[in-house]
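*Asks:* Sequence unavailable; structure follows:
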């Protein structure tokens with residue numbers, strides 16, 4: 001039966017300690033006193049040897065390269081284990097470890113963005129254009145006749161399921177006129193655009209228009 005590695009170490013340690021003690025006793029000390037010292041140190045050494053022999057031998061691979069099933073954060077078998085699914089959690093990632101080159105194109109989808117996560121500071125200049133806006137349509141309201149001396153109001157509303165994102169006005173005739181207001185309705189700002197105008201003389205027709213976005 002092969003000896004434990006601890007037993008071998010203990011035997012070597014015993015020889016290293018006993019030999020200097022024996023030589024010291026032979027050099028100048030009396031036999032009785034020298035024997036007593038040797039006996040005392042041997043007793044202490046035996047206790048240490050017993051403690052070492054009681055420890056389990058360290059695990060040493062029986063084959064190289066290692067083989068068998070992998071455990072812990074690893075999956076598969078040696079010598080080529082893989083990182084186990086979900087083993088690399090948030091706590092195991094250093095701050096700023098995941099940089100842009102490590103993200104595949106299209107990897108960060110809407111589902112992975114928290115509400116309000118993308119702020120104005122996160123959007124580059126001119127990065128959001130008309131191509132990024134879904135279902136944008138323009139609608140024009142009915143014309144309203146406007147006579148000199150009396151302001152009139154024209155309105156336009158977005159279809160159901162859409163909201164107003166911009167608006168404006170137009171006149172039928174190119175005559176002197178004044179626009180008093182052109183803005184979202186106070187009563188219905190998400191759906192309706194309101195224009196108020198008047199003419200200096202004669203009459204004209206005022207129209208309100210709006211750009212609407214599907215929501």
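*Replies:* Good, I have the coordinates. Treat the numbers as computed from the prediction; the structure is a model and nothing was measured.
*Asks:* so what pLDDT did the nearest residue to residue 87 once chain neighbours are set aside get?
*Replies:* In space, and not counting its chain neighbours, residue 87 is closest to residue 73: 4.0 Å by Cβ to Cβ, 6 or more residues apart in numbering. From N, CA and C alone the C-beta is placed, and that goes for glycine too. pLDDT recorded at residue 73 is 90.
*Asks:* for residue 73, phi and psi?
*Replies:* phi -80, psi 0 (degrees, to the nearest 10).
*Asks:* Let's see the distance spanning stretch 121-134 from one end to the other.
*Replies:* 22 Å (Cα to Cα, to the nearest Å).
*Asks:* Now for residue 123, how many residues are close by?
*Replies:* For residue 123, the neighbour count with other Cβ atoms under 10 Å is 10.
*Asks:* What residues sit buried inside the longest strand along the chain?
*Replies:* Ranked by number of residues, the top strand in the chain under DSSP state E is strand 203-214. Residues of strand 203-214 classed as buried: 204, 205, 206, 207, 208, 209, 210, 211, 212, 213 (neighbour count, 16 or more other Cβ atoms under 10 Å).
*Asks:* With pLDDT and distance to residue 62 added, can I get those residues in CSV?
*Replies:* Below are the buried residues of strand 203-214 laid out as CSV (pLDDT from 0 to 100; distance: Cβ to Cβ, whole Å):
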residue, pLDDT, distance to residue 62
204, 95, 99
205, 96, 96
206, 96, 93
207, 97, 90
208, 96, 86
209, 96, 83
210, 95, 79
211, 93, 75
212, 93, 75
213, 90, 69
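*Asks:* mind checking how far stretch 114-123 is from the chain centre?
*Replies:* 14 Å (Cα atoms, centre = their mean, to the nearest Å).
*Asks:* And it, end to end?
*Replies:* First residue to last in stretch 114-123 (Cα to Cα) measures 15 Å.
*Asks:* now that stretch: mean pLDDT?
*Replies:* pLDDT averaged over stretch 114-123 gives 84.
*Asks:* Which parts of the protein are helices?
*Replies:* Per DSSP state H, the chain carries helices over the ranges 5-28, 31-53.
*Asks:* Next one, pLDDT for residue 26 please.
*Replies:* Residue 26 is given a pLDDT of 50.
*Asks:* returning to that earlier point: mean pLDDT lowest for which of the helices of the chain?
*Replies:* When the helices of the chain are compared on mean pLDDT, helix 5-28 scores lowest, with a mean of 56.
*Asks:* any idea how far the residue nearest to residue 87 lies from residue 194?
*Replies:* Counting by Cβ to Cβ, to the nearest Å, the gap from residue 73 to residue 194 is 63 Å.
*Asks:* between these two, who's got more neighbours?
*Replies:* More crowded of residue 73 and residue 194, by other Cβ under 10 Å: residue 194, with 23 against 13.
*Asks:* which residues does that one contact?
*Replies:* Listed by Cβ atoms under 8 Å, 6 or more residues apart in numbering, the contact partners of residue 194 are 153, 154, 155, 181, 182, 183, 184, 185, 208.
*Asks:* Help me confirm that the third one comes into contact with residue 209.
*Replies:* Right, residue 155. No - the pair residue 155 / residue 209 is not scored as a contact, 10.6 Å apart, by Cβ atoms under 8 Å.
*Asks:* Please identify every residue contacting each of those two.
*Replies:* Common contacts of residue 155 and residue 209, defined by Cβ under 8 Å, 6+ apart, comprise 141, 193.
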